[in-house]
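Predicted coordinates and the sequence they were generated for:
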Amino acid sequence: MSAPSALTQIQQQIREAASHQRPIRIRGGGTKDFYGESLRGEVLDMGRLTGVIDYEPSELVVTAWAGTPLAEIEALLATQNQYLAFEPPAFAPGTTLGGVVAAGLSGPRRATVGGVRDFVLGASLLSSQGELLKFGGRVMKNVAGFDVSRLLVGSLGILGPIADVSIKVLPCPRLEVTLAFEMTAAESVRAFNRWLRTPIPVSATSWWGGQARVRLSGMPTAVEEGVRQLNGERVPTAEAAIWWAQLRHHQHPFLNREQPLWRMSIPATSPLLSIAGEVLIEWAGALRWVRSTTPASDLRAAASALGGSAALWHGGPSQPMSAPLAPGVLALHRRLKSQFDPLGIFNPDRLIVGI
Amino acid sequence: MSEVSAPASANDGSDGPFAIPAPEKKRLLVAALRALLPVDAVLDTPHDLTVYECDGLAAFRQIPVAVVLPRTEQEVVSIVKLCHAWDVPVVARGAGTGLSGGALPHAAGVLLSLARMNRIVSLDQVAGTARVEPGVRNLAISEAAAPMGLYYAPDPSSQIACTIGGNIAENSGGVHCLKYGLTLHNVLRLRGVTIEGELIECGSEALDAPGLDLLSIVVGSEGLLLVVTEITVRLLPKPPCARVVLASFSTVSQAGDAVAAIIAAGIIPAGLEMMDRGVAMAVEPFVHAGYDLTAAAILLIESDGTVAEVEDEIAWLSVLLTKVGAQSIAISHSESERLRFWSGRKNAFPAAGRISPDYYCMDGTIPRKHLGRVLESIQAMEAKYDLKCINVFHAGDGNLHPLILFDANVPGQWERADRFGSEIVELCVALGGTITGEHGVGIEKINSMCVQFSDSERAIFSAVKVAFDAKGLLNPGKVIPTLRRCAEYGRQHVHLGVLPFSDLPRF
């Protein structure tokens, strides 16, 4: 189906649902159904709205319809030696660009080059009248009006379905080298933060099972200089690629076992948490995956005390995935929701129960 | 000399419902503010108020009812609560260096200067962060972090004076933002006060936070959503080495092609700036930068990183620039030479002021590929409006700063400059760009918002505004034009970069 006719169908379905005030469940590839709170309403299939609208490598921008598979976009960029530097995860085949933006999840480079939000340049939103509203644009700098396109990142559809996205791309690094170090978790967090404060071109860090891994990316001279300074054990290229892909796409066994998995997003320099359970560290310590049966309230309190938050990624007791919001911020969410979606039809309860 | 000094319709309240209070109500308001604040924190004499009548866009001036200068967050809370209860508009202001009139006072309102909230709360060398109050100057953050080998990357040209609070309001850029990002990309968290006096945290010192990403909507909101009281910024390691390549071209389109070729070759320089001959001619007698005055366009390309990395990148750049037809290439070999190469670009605005009584700076952004076409169109507009225009660009990110030269004392010239500017801005939108890349909408480009956004899109901006500030008291009359204003402005909304009746010739 062509994008214009898919868009027309989608708009019709929205208007129909709006006229009956029926909730709509926005779905791209359906690969992140586990993510967020409740799934409610009739499915609005954005997966039919596919195709790259514009890609000019020298402009460093790709624009595509929301249902375009992430794999298709990444393959296209690879032909020009470019990539999505925020390394969005694809938990299963079928991940779409719209889903990447709506979920707002980023991969191993988050701590060094930024997240999805930092690369979104523009997006279109569908209103509950089915109207296509464009925000941002296809240029690097744009301060005309509020930055609504970036507000959509991580909104999980509660403000409306995303129809298309313009995203900044970057040239692939000329060279990447991964180094491994035997060290404790606490030593790794200290080392990562020390290295990130130097000009060494660190692009990703991880610690698991007694081993820290650090990826350097950039101009060959700078990477080789960094390799000499850090003096770790060079990980064979293929093995390194598998390691970072396993972390990025959650294919690593640690991230896939049945025991409750907590996602602790905390300031990178936070000390190790005194919580019983195994830990896998990313983002120089700012992201800590914890396998633990410790009560949720204890984990949430620990993260909150450090100025971060804990989300129950999967498994475990039935309770909200995300940490609760401060009352003033929650009230603001309610008001934004009722302004963007007065009928309350888009993904109710998906981001926050009751909104 | 001023950017624009001609009379223009000031913020007369036509976009807001707030009537100018009677003298008695003014006196009561000032008395109530004095009851909340130390004696030196409330100004209301005509002499004191005049200092605050405009920001960097001097064409628009307005005297507020009072100026308040709080020193603490609690004082900000008490001021906005009072104004909320009394339905009094509040306009926040940092250093007043903004170029779009975002800090223009409201005739019925209070001007809230955050200049005295200028403490660096803490610096964390290990985390690479700084917590600062909004009145801290941009450059002061980098100066404080320098002993740690760190700096704050966004460097708007006014960085010596502009405040971080103002940078948050405008999502300021600078000459290095292609590589290091805008303000948004370098801020982790902020705390602000709603007009109702409630404290709100956006973002986090962690890398994400639950709920909507409110930080991205507050940064760049031009003082319409929150009064920001504390900010955590990210600090980067200072690159050990920076060098500049100066390349000149016999045509503008060649220079544009060179920019595309650099990006296509996989190089993201730390800075990538272009200036046309008009600018080179204006600045060279003034700064003696050594620019090639026979060139139609000059590129300044900065490479930063380790010494070896920079050497590598410069070698790549030299080969590439020769291949795309640069007529001359010079490479800085010392810090003083690097600064000399930059001196012309950095003095473009003052030089414009030197060769012309007044100038009007535009700020559109376009897809880079249209650079040549836009410059040709601007040349045609010079004839049409009988005014000269010289051009500097942040070429790396397609952000144009045409400087329209005029003399406000010659009747009709400001009106022609204004129409000239509007035509440039509308061309940017038609080519898929935007009316403002980094200076903000403020009061200056409020009419152009009617061109870039449809009624329904502007309704979303109003919806965001209402969610934060239902009474519309924070910086009223800025950024979001009323339906009536757009109807009166009478320009067509240009959608998706396509003009209606695109088959008709337009000049």
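Noted; the coordinates are in hand.

can you pull out the strands in the stretch 101-250 of chain A?
Secondary structure of the stretch 101-250 of chain A (DSSP state E, counting those that start in this stretch): strands at A:120-126, A:132-136, A:162-168, A:170-171, A:175-182, A:202-208, A:211-218, A:233-235.

Per-residue pLDDT of residue 78, please?
This is for chain A. We have a pLDDT of 98 for residue A:78.

I was after chain B.
98.

show me the residues around it that make contact.
Contacts for residue B:78 (C-beta atoms under 8 Å, 6 or more residues apart in numbering or on different chains) come out as B:36-37, B:197. The way it works is simple: take the backbone N, C-alpha and C, and place the C-beta from them, glycine included.

Same question for the helix or strand containing it: list its buried residues.
Per DSSP states H and E, residue B:78 falls inside helix B:73-86. Neighbour-count burial for helix B:73-86 flags B:73, B:75-84 (criterion: 16 or more other C-beta atoms under 10 Å in any protein chain shown).

now swap in stretch B:408-421 and tell me
B:408, B:413-414, B:416-418, B:420-421.

Which single one of these is nearest to chain A?
residue B:421 (14.8 Å; C-beta to the nearest C-beta).

mind listing what residue 195 touches?
Assuming you mean chain A. A:202, A:205, A:214, A:230.

The intended chain is chain B.
Residue B:195 makes contact with B:80, B:83-84, B:90, B:468-469, B:471, B:473-474 under the criterion C-beta under 8 Å, 6+ apart.

any weak-confidence spans in chain B?
In the predicted model of chain B, residues B:1-16, B:490-507 satisfy pLDDT under 70.

re the thing from before, between the buried residues of helix B:73-86, which is nearest chain A?
residue B:77 (12.4 Å).

mind checking the backbone torsions on the closest residue to that closest one other than its chain neighbours?
Once flanking residues are discounted, residue B:77 sits nearest to residue B:197: 4.7 Å by C-beta to C-beta, 6 or more residues apart in numbering or on different chains. With angles defined as degrees, to the nearest 10, residue B:197 sits at phi 90, psi 10.

Surely residue B:197 touches residue B:85?
No. Counting by C-beta atoms under 8 Å, residue B:197 sits too far from residue B:85 to count as a contact (9.4 Å).

Please name the residues that touch the residue most central in space within chain B.
Centroid-nearest residue in chain B: residue B:439, 2.3 Å away (criterion: C-alpha atoms, centre = their mean). Counting by C-beta under 8 Å, 6+ apart, residue B:439 makes contact with A:143, B:98-100, B:170, B:361, B:363.

Roughly how far does it sit from residue B:406?
Per C-beta to C-beta, to the nearest Å, residue B:439 is found 18 Å from residue B:406.

likewise residue B:28?
In terms of C-beta to C-beta, residue B:28 sits 43 Å off from residue B:406.

Comparing these two, which residue is more hemmed in?
A side-by-side neighbour count of residue B:28 and residue B:406, using other C-beta atoms under 10 Å in any protein chain shown, places residue B:406 first with 27 against 13.

hang on, isn't the more buried one packed against residue B:361?
No. Residue B:406 is beyond contact range of residue B:361, at 11.8 Å (criterion: C-beta under 8 Å).

Would you mind naming the helix or strand containing the closest residue to residue B:172 other than its chain neighbours?
Leaving aside its sequence neighbours, residue B:172 sits nearest to residue B:156 (C-beta to C-beta, 6+ apart; 4.3 Å). Here residue B:156, judged by DSSP H and E, is contained in no helix and no strand.

ok, now which ones touch residue B:156?
The neighbourhood of residue B:156, defined by C-beta under 8 Å, 6+ apart, consists of B:138, B:162, B:167, B:172-174, B:438.
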